[in-house]
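using only what follows, build the 3D model:
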Amino acid sequence: MQKPIIAVHGGAGAWDADRWKEGLVGIKEAASAGFKILKANGAALDAVEAAVMSMEDNGVFNAGLGSTLAIDKRIEMEASIMEGRMLNAGATGLLRDIKNPVHLARLVMENTDHVFLVADGAEKLANLFNLERRNPMTELRLRYWYDLTQKLKDREMESLPKLEKMLKAHPNLFSTDTVGAVAFDRRGDTAAATSTGGRALKMPGRIGDSPLIGCGTYADNEAGACSTTGIGEVAIKLVLAKATCDFARIGQSAQQAAENSIRLVNKRIKLKSSMGLIVVDMKGGIGAAHNTPNLCWAYMTSRLSQPKAAMQAKVLV
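Numbering: from 1, shown residues only. Got it, this is the predicted structure:
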């Protein structure tokens, strides 16, 4: 029997100091929710789903309740989940009011012949299973939207200049607090899940890395499991979650794999303050790294009495 582990993240980016406490409390609650399942000999898949649902129900994160707003003020949520034994996966996107997008992603995985359903197709599946709905908009995200759109009107941002310039000028408004979880259970199975409300002021219809298998989420019992957070286009171009697991596949520890993936981002994309990720390997190791000011993350093992949480991991710039 293996020793179970779970790691969770509440997003990379520049976290306002006045949100740190809420963020750390939230990820500890998520790690505890997932580890409770692992401790009772539950599956890694169930653990990551529970952990992510905990964060989707917490308005401090950009996922589920508290999702960010697109340029036209709409909300389009997305999520994915994957298990490493059989490589089964499910994903969903362009959701308006589903309470827990990660649960819908699991329904896609377990009840359809597909991997990825969006918009009307996803809505029909949600209706079939009577999924709970709610308005995911919060005052915090609405305030961020008004702040950004006002800057656009004042031409402070010159109609959306290059992303790096925007990140440098307005880091707090573009915090990319996607949520995710990775786990390794007593049977030696891995799983990963990721959920997000997307990027602030994104174009309607834009899909990020979170629901894309291999980009935002990946799990393989021959390698490990990874969940990414940050600028989705960066993770998509590098197929970053799969790349991280491949580093572990060739014998690198979870931490080495995490660091080498962020080095890959820095080398190939050269976009500062863009990505973070968490990973578990098949030896029970945990890794986390980022090139952003913060990565809100936590982990829990059988050796700990409570989750360890922090606003930074290994920073590589």
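
pLDDT weak spots in this structure?
Where the chain drops to pLDDT under 70, the residues are 1, 145, 149, 151-177, 317.

for it, longest helix please?
helix 20-39 (DSSP state H).

so which bits of it are buried?
22-24, 26-35, 37-38 (16 or more other CB atoms under 10 Å). In short, each C-beta sits where N, CA and C put it, glycine included.

next SSE downstream of it?
Toward the C-terminal end, the helix or strand that comes next after helix 20-39 (DSSP states H and E) is helix 44-56.

run the angle between that next one and helix 20-39 for me.
Counting by axes from the mean of the first three to the mean of the last three CA atoms, to 10 degrees, helix 44-56 lies at 160 degrees to helix 20-39.

list the helices and strands helix 44-56 packs on?
If you count contacts as 3 or more CB pairs under 8 Å, 6 or more residues apart in numbering; DSSP states H and E, helix 44-56 packs onto strand 5-13, helix 20-39, strand 77-83, helix 101-111, strand 179-184, strand 190-196.

just give me how far it sits from the chain centre.
11 Å (CA atoms, centre = their mean, to the nearest Å).

next, the angle helix 101-111 makes with it.
150 degrees.

angle of helix 44-56 against strand 5-13?
Orientation note: helix 44-56 sits at an angle of 40 degrees relative to strand 5-13 (the same axes, to 10 degrees).

quick one: list the elements packing against the longest helix of the chain.
By 3+ CB pairs under 8 Å, 6+ apart, helix 20-39 packs against strand 5-13, helix 44-56, strand 179-184, strand 294-301, strand 308-310.

after the shortest one, next one along is what?
In this case it means strand 308-310. Next along the chain after strand 308-310, taking DSSP H and E as the criterion, comes strand 314-315.

just checking: what are the partner strands of that following strand?
Strand 314-315 has the following strand partners under DSSP bridges: strand 286-290 (parallel).

who touches the strand it pairs with?
For strand 286-290, the surrounding residues in contact (CB atoms under 8 Å, 6 or more residues apart in numbering) are 5, 7, 9, 12, 230, 253-259, 261-262, 275-281, 295, 297, 299, 301, 312-316.

okay if I get the helices and strands packed on helix 20-39 as a markdown table plus distance to residue 190 and mean neighbour count?
Below are the helices and strands packed on helix 20-39 laid out as a markdown table (distance: least, CB to CB, whole Å; neighbours: other CB atoms under 10 Å):
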| stretch | distance to residue 190 | mean neighbour count |
| --- | --- | --- |
| strand 5-13 | 10 | 31 |
| helix 44-56 | 6 | 29 |
| strand 179-184 | 5 | 36 |
| strand 294-301 | 14 | 27 |
| strand 308-310 | 20 | 16 |
